[in-house]
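> Pasting the sequence and the predicted model now:
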Amino acid sequence: MKSLKRRILETMLAMLITSTGIVMMMKAELGLNPWWTLTTGVSELTGLSLGLVVQCAGFLLIIVALFLGVKPGITTVLDMFLIGLYIDILNKIVPSLPNNLILQLLACIMGVIVFSLGVSLTVSIGLGAGPKDSFTFAVMKKTHTSVGKMKLVVESSTFIIGLLLGGPFGIGTIVATVLTGHMQSYFYKKLNYNPEAII
């Protein structure tokens with residue numbers, strides 16, 4: 001059995017992978033995944049910083065998931081603080097892509113894959129899930145729906161709300177909305193992990 005310290009370090013690394021996927025999608029400039037479409041829309045609407053919006057939204061999702069029967073874990077709290085920090089750092093390091101649709105689309109798809117891998121690794125370590133995934137699993141428990149289907153419902157709903165609030169939209173948003181849930185289901189199988197174990 002791995003020590004708690006090692007599992008926390010692995011969780012932090014997995015979150016770095018998750019953030020790398022998000023930044024890849026940002027650099028593709030074809031639209032962000034639904035969650036970031038929503039948080040960016042809220043940020044622009046309220047004038048609050050994106051980081052603060054992410055933290056507040058994460059806190060609210062933790063509360064909702066708690067009422068639905070999913071308790072926050074170490075990962076839940078780390079996610080709320082670290083993901084935004086990692087993204088700010090990586091966004092300054094990773095260069096922008098040239099204005100080439102093929103390269104942008106490839107970066108977007110790879111971003112979705114890397115993001116999904118990071119999230120799946122984070123959850124499979126067993127210290128809990130991030131606020132968004134804790135919420136998703138909580139709803140999945142209540143509705144007895146598969147991860148892929150529930151992720152699609154949650155991501156699609158998030159996207160629609162974010163779009164109405166003026167968040168960024170593009171073909172990349174659609175790609176992320178359609179692929180993320182299925183990619184996470186694929187990685188969970190490869191990791192021999194049942195996401196319902198976190199509930």
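Thanks, I have the structure now. Since this is a predicted model, take the numbers as computed values, not measurements.

> how about residue 44, what does it touch?
The contact partners of residue 44, taken as Cβ atoms under 8 Å, 6 or more residues apart in numbering, are 165-167. Quick note: C-beta positions are derived from backbone N, CA and C, even for glycine.

> Now distance to residue 188 too, for the residues you listed, in CSV please.
Formatted as CSV, the contacts of residue 44 follow (distance: Cβ to Cβ, whole Å):
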residue, distance to residue 188
165, 31
166, 34
167, 28
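
> Which of these fall in helices?
Among those, no member falls in helices (criterion: DSSP state H).

> would you turn the residues you listed into a markdown table with neighbour count?
Conversion of those to a markdown table gives the following (neighbours: other Cβ atoms under 10 Å):
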| residue | neighbour count |
| --- | --- |
| 165 | 17 |
| 166 | 14 |
| 167 | 25 |
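
> out of those residues, who's nearest residue 120?
If you rank these by distance to residue 120 using Cβ to Cβ, residue 167 comes first, at 24.9 Å.

> tell me the helices in this protein, going along the chain?
In the chain, the helices defined using DSSP H lie at 4-28, 34-46, 50-67, 74-93, 101-124, 131-143, 147-164, 171-190.

> Mind putting these into TSV with mean pLDDT?
Listed next are the helices of the chain as TSV, based on pLDDT from 0 to 100:
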stretch	mean pLDDT
helix 4-28	92
helix 34-46	84
helix 50-67	82
helix 74-93	86
helix 101-124	92
helix 131-143	77
helix 147-164	78
helix 171-190	85
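
> Return the member of the contacts of residue 44 nearest to residue 192.
residue 167 (35.8 Å).

> Could you pull up the residues touching the closest one?
By Cβ under 8 Å, 6+ apart, the contact list for residue 167 reads 32, 36-42, 44.
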